[in-house]
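*Asks:* Here is my input, please return the structure:
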Amino acid sequence: MSLRLGALHDALLDPGNADKAQRAAEEVANYESRVTSIERDLTLLKWMVGTNVALTLFVLGKVITL
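*Replies:* Below is the predicted model:
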């Protein structure tokens with residue numbers, strides 16, 4: 001899947017058009033919001049995996065030392 005921000009592309013091709021610039025700014029802000037949401041989800045997933053690994057190692061350590 002290729003990423004192409006159509007309104008941004010149009011605004012860059014026609015720099016004198018304020019309407020196209022406004023649409024491009026809104027499109028970029030929406031894209032940035034989506035990226036921020038994905039980053040937040042990835043941070044949560046990293047914490048979940050780290051906690052799972054730590055608890056697994058703890059239990060494994062307890063089993064081995066018995």
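
*Asks:* buried stuff in stretch 13-23?
*Replies:* Neighbour counts using 16 or more other C-beta atoms under 10 Å place Lys20, Ala21, Arg23 of stretch 13-23 among the buried residues. No exception for glycine: its C-beta is placed from N, CA and C like everyone else's.

*Asks:* From the rest of the structure, what touches it?
*Replies:* By C-beta atoms under 8 Å, 6 or more residues apart in numbering, the surrounding residues in contact with stretch 13-23 are Ala7, Asp10, Ala11.

*Asks:* Pull up the distance across that stretch, start to finish.
*Replies:* 13 Å (C-alpha to C-alpha, to the nearest Å).

*Asks:* with the buried residues of stretch 13-23 in mind, which one is nearest to Leu42?
*Replies:* Nearest to Leu42, judged by C-beta to C-beta, of the buried residues of stretch 13-23 is Arg23 at 29.0 Å.

*Asks:* on that earlier part again, now, the contacts of stretch 13-23 that are in strands?
*Replies:* The strands, defined by DSSP state E, take in nothing from the contacts of stretch 13-23.

*Asks:* filter those to the buried ones?
*Replies:* Using 16+ other C-beta under 10 Å as the burial test, the contacts of stretch 13-23 include Ala7, Asp10, Ala11 as buried.

*Asks:* Pretty sure the first one sits against Ala24.
*Replies:* The reference is to Ala7. Yes. Using C-beta atoms under 8 Å, Ala7 is in contact with Ala24, at 4.5 Å.

*Asks:* Contacts only, for Asp10.
*Replies:* Counting by C-beta under 8 Å, 6+ apart, Asp10 makes contact with Lys20, Arg23, Ala24.

*Asks:* hmm, 7 Å instead?
*Replies:* By C-beta atoms under 7 Å, 6 or more residues apart in numbering, the residues touching Asp10 are Lys20.
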